[in-house]
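>>> Sequence unavailable; structure follows:
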């Protein structure tokens, strides 16, 4: 058995426990987490660390296959121009792509990330993910705005899904990209032809005001973008409603629905949709939103749905680092009222539940193997992160 203690250890049920002791077996599985009733008396064989111990972080939204685009896309030009850069500039030498993917995987390990919800459009990342010590749930993303292409697009997605599951033994599911990039017929095929028991869904939602404009009117900056890219938009008819209400009618019941970004999500959007609160998660990616559009997640979801919030990094095409700790810092900077225990909750147990991995990761419950991370250089008196706060992986 290995006993570990620190100034604070995070527990979802009890918050930050002072001088608690975490005991793990030789395989890194949790035996117990208990409070130390006599913190001034050293318990034999206990390792003590200065800082805050928490379970390994969960990166609920990433595109590791875009890692080769790091520093290639200008910042702050808006989502439409970002998408244009991705579509027109994604091609690179295969060796460069694979090297960048492997490097990104190593970066996440150093940052204490133990599980990732990763988007895939291609096979490029499958080998690295299949060999990694990080647990990846791979979301096979489908998109096409033309109804006449729905069957072909869906079939290609299913084929890639089967490759991920059968050849690379990855946990994977099929998912639509975003409300503005999937035709009504493709949404219908998706809803009617899946075994939803093992098919968690992750969909980009209300990342930009252009999304609501396009769904409501069929026009706006997204329409101009798709026209510039030579994409047919004739099947994207005006829906006269915001995008969250629109897509909610096409999403099948699932063990986990992950809505990503949510910069423009409001209470009326949630009230008017057909979402089930017990399995709907809101993933915030603050550094990516700022990189792309100089936008920041608002207070609405944080104040009203704290138990449904998790964190993601998005890709290195839209972020400088793949670090959940850096996302926590970004949120704390904008929302100074946020307790550190809430930030850790977003980064650990909420993310695990959002990926339908709550029985394996996210908390120090007996039998779990969630990884052990030490947050160093935090403000332990006021329980806040600092600019100098960093991650040290203990297990």
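Right, received. Where do you want to start? These numbers come from a predicted model, not from an experiment.
>>> need the contact list for residue 116.
58-60, 62, 64, 108, 134-137 (CB atoms under 8 Å, 6 or more residues apart in numbering). All C-beta atoms are positioned from the backbone trio N, CA, C, and that covers glycine.
>>> Let's see the pLDDT reported for the residue nearest to it when sequence neighbours are not counted.
Counting by CB to CB, 6 or more residues apart in numbering, residue 59 is the residue found nearest to residue 116 once chain neighbours are left out, at 4.5 Å. Residue 59 carries a pLDDT score of 98 in this model.
>>> Tell me which helix or strand residue 59 sits in.
strand 57-62 (DSSP states H and E).
>>> what does that strand contact?
Residues contacting strand 57-62 (CB under 8 Å, 6+ apart): 108, 111-119, 202, 258, 260, 281, 283, 285, 310-315, 322, 324-325, 347-348, 350-352, 354-355, 357, 361-362, 373, 391.
>>> Partner strands of that strand and their direction?
Strand pairing for strand 57-62, determined by DSSP bridges: strand 113-120 (parallel).
>>> pLDDT averaged over the strand it pairs with, what's the number?
98.
>>> So for the helix or strand just after it, what gets flagged as buried?
For strand 113-120, the following helix or strand on the C-terminal side (DSSP H and E) is helix 126-131. Buried residues in helix 126-131, defined by neighbour count with 16 or more other CB atoms under 10 Å: 126, 128-129.
>>> again with stretch 149-163
So, applying 16+ other CB under 10 Å, buried residues of stretch 149-163: 149-150, 153-154, 157-158, 160-161, 163.
>>> repeat for stretch 194-213
Under 16+ other CB under 10 Å, the buried positions of stretch 194-213 are 194, 199-213.
>>> State the distance spanning the first to the last residue of it.
Distance between the two ends of stretch 194-213: 30 Å, counting by CA to CA, to the nearest Å.
>>> same question for that stretch, mean pLDDT?
pLDDT averaged over stretch 194-213 gives 86.
>>> Off-centre distance for it?
12 Å (CA atoms, centre = their mean, to the nearest Å).
>>> Output the below-cut-off pLDDT ranges for the stretch 101-250 of the chain.
195-198, 233-236 (pLDDT under 70).
>>> Which stretches in it count as helices?
Secondary structure of the stretch 101-250 of the chain (DSSP state H, counting those that start in this stretch): helices at 126-131, 150-162, 184-192, 209-217, 221-228, 243-248.
>>> Select, out of those, the one closest to residue 26.
With CB to CB as the measure, helix 126-131 is the member of the helices of the stretch 101-250 of the chain nearest residue 26 (23.5 Å).
>>> just checking, what packs against the closest one?
helix 94-110, strand 135-142 (3 or more CB pairs under 8 Å, 6 or more residues apart in numbering; DSSP states H and E).
>>> cutoff 7 Å now
helix 94-110 (3 or more CB pairs under 7 Å, 6 or more residues apart in numbering; DSSP states H and E).
>>> quick one, the helix it packs on and strand 113-120 angle?
With axes from the mean of the first three to the mean of the last three CA atoms, to 10 degrees applied, the angle from helix 94-110 to strand 113-120 works out at 150 degrees.
>>> which residues sit against helix 94-110?
Under the contact criterion CB atoms under 7 Å, 6 or more residues apart in numbering, helix 94-110 has outside partners 59, 64-65, 67-68, 116, 124-125, 128, 132-134, 316, 322, 393.
>>> if we can go back for a sec, among the contacts of strand 57-62, which lie within strands?
Among the contacts of strand 57-62, the members falling in strands (DSSP state E) are 113-119, 202, 258, 260, 281, 283, 310-311, 373, 391.
>>> Name the nearest of those residues relative to residue 222.
The closest of the ones in strands among the contacts of strand 57-62, once distances to residue 222 are taken by CB to CB, is residue 260, at 17.1 Å.
>>> so the closest residue to residue 182 other than its chain neighbours bridges to which residues?
The spatial neighbour of residue 182 that comes closest, neighbours along the chain excluded (CB to CB, 6+ apart), is residue 176 at 4.5 Å. As for beta bridges, residue 176 partners with residue 142 under DSSP bridges.
>>> Residue 141 versus residue 176, what's the distance?
In this view, residue 176 and residue 141 are 7 Å apart by CB to CB, to the nearest Å.
>>> Looking at stretch 43-53 now, give me its mean pLDDT.
Stretch 43-53 comes out at a mean pLDDT of 91.
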